[in-house]
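Participant: Make a model of this:
(chains A and B)
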Amino acid sequence: GQQLNQSPQSMFIQEGEDVSMNCTSSSIFNTWLWYKQDPGEGPVLLIALYKAGELTSNGRLTAQFGITRKDSFLNISASIPSDVGIYFCAGPRSNDYKLSFGAGTTVTVRA
Amino acid sequence: EAGVTQFPSHSVIEKGQTVTLRCDPISGHDNLYWYRRVMGKEIKFLLHFVKESKQDESGMPNNRFLAERTGGTYSTLKVQPAELEDSGVYFCASSQSGASLYGYTFGSGTRLTVV
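Facilitator: Residues are numbered from 1 along each chain as shown, chains lettered A, B, ... in the order given. Purely as a prediction, here's the structure:
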């Protein structure tokens, strides 16, 4: 199957710092997704990217679809305590909505 | 609108026992997916229903796992007999055919621990 390599695995940051994580794949994806899982909840879609080179923002979040279509990154600016959680990159397998996920980046914010 | 509901939220069972997980999708969503996350690893696709039909069950680990979706409404995932490696969080998701990926909604998951 399509494997997504996500890094870093975890990060401890100070409130107010910027956060950056990325995802790479050996296969081309036509869509890149970034999800966040809050403790005790299911993943929630933050940003969807549909076009190579696309840069999209959602509040303090910015994500980019790499021009090779094999990578993507997510930045969180000026982190706040509610940013804690697990962030997953994902992409649909082939032409359907069955998703392949990365292993997640666990973010812990220190006040 | 109610979201995707899963229960139980937690289950601890002994190796060899049977467990049944349930998922109630968002009303009107034809597509229902099961995923599993083993600790620290990626969330992996298990299977996909369209209404009551199994569209793709290529991710099911082995024949100890049985999924059903009676009448195209709620779905159950039964593990019988459970093994230690079945521990993890089982997520269900649903979507409407033709909807955008923002309409692809996950439940809160069932955390299964096999001891």
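Participant: mind checking pLDDT for the residue in chain A that chain B sits nearest to?
Facilitator: Closest to chain B within chain A is residue A:42: 3.3 Å, counting by Cβ to the nearest Cβ. Glycine gets a C-beta too; all of them are placed from N, C-alpha and C. We have a pLDDT of 96 for residue A:42.
Participant: Chain neighbours aside, what residue packs nearest to it?
Facilitator: Closest residue to residue A:42 apart from its sequence neighbours, by Cβ to Cβ, 6 or more residues apart in numbering or on different chains: residue B:106 at 3.3 Å.
Participant: Phi first, then psi, for the one you found.
Facilitator: Main-chain dihedrals, residue B:106, degrees, to the nearest 10: phi -100, psi 150.
Participant: In contact with it, which residues?
Facilitator: A:42-44, B:4, B:35, B:91-93 (Cβ atoms under 8 Å, 6 or more residues apart in numbering or on different chains).
Participant: Also residue B:89?
Facilitator: Residues near residue B:89 by Cβ under 8 Å, 6+ apart: B:36-37, B:109-112.
Participant: First-to-last residue distance for stretch B:47-63?
Facilitator: End-to-end distance for stretch B:47-63, by Cα to Cα, to the nearest Å: 13 Å.
Participant: Do that stretch and chain A come into contact?
Facilitator: Yes. Under the criterion of Cβ under 8 Å from any Cβ of the partner chain, chain A is reached by stretch B:47-63 at B:48, B:56, B:59.
Participant: So which of the contacts of residue B:106 are in strands?
Facilitator: Among the contacts of residue B:106, the members found in strands (DSSP state E) are A:43-44, B:35, B:91-93.
Participant: For PyMOL, write the selection for the buried entries among those residues.
Facilitator: Provided next is the PyMOL selection string for whichever of these are buried by 16 or more other Cβ atoms under 10 Å in any protein chain shown:
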select buried, (chain A and resi 43) or (chain B and resi 35+91+92+93)
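Participant: Secondary structure of residue B:85: a strand, I assume?
Facilitator: No. Read with DSSP: H, G, I helix; E, B strand; the rest coil, residue B:85 is helix and lies in no strand.
Participant: what about it, neighbour count?
Facilitator: 10 (other Cβ atoms under 10 Å in any protein chain shown).
Participant: How about residue A:14?
Facilitator: Neighbour count for residue A:14, taken as other Cβ under 10 Å: 9.
Participant: ok, the closest residue to it other than its chain neighbours - contacts?
Facilitator: Residue nearest to residue A:14 in three dimensions, not counting chain neighbours: residue A:110, with 5.4 Å by Cβ to Cβ, 6+ apart. By Cβ under 8 Å, 6+ apart, the contact set of residue A:110 is A:12-15.
Participant: Then residue B:45?
Facilitator: By Cβ under 8 Å, 6+ apart, the residues touching residue B:45 are A:93, A:98-100, B:33-35, B:58-59.
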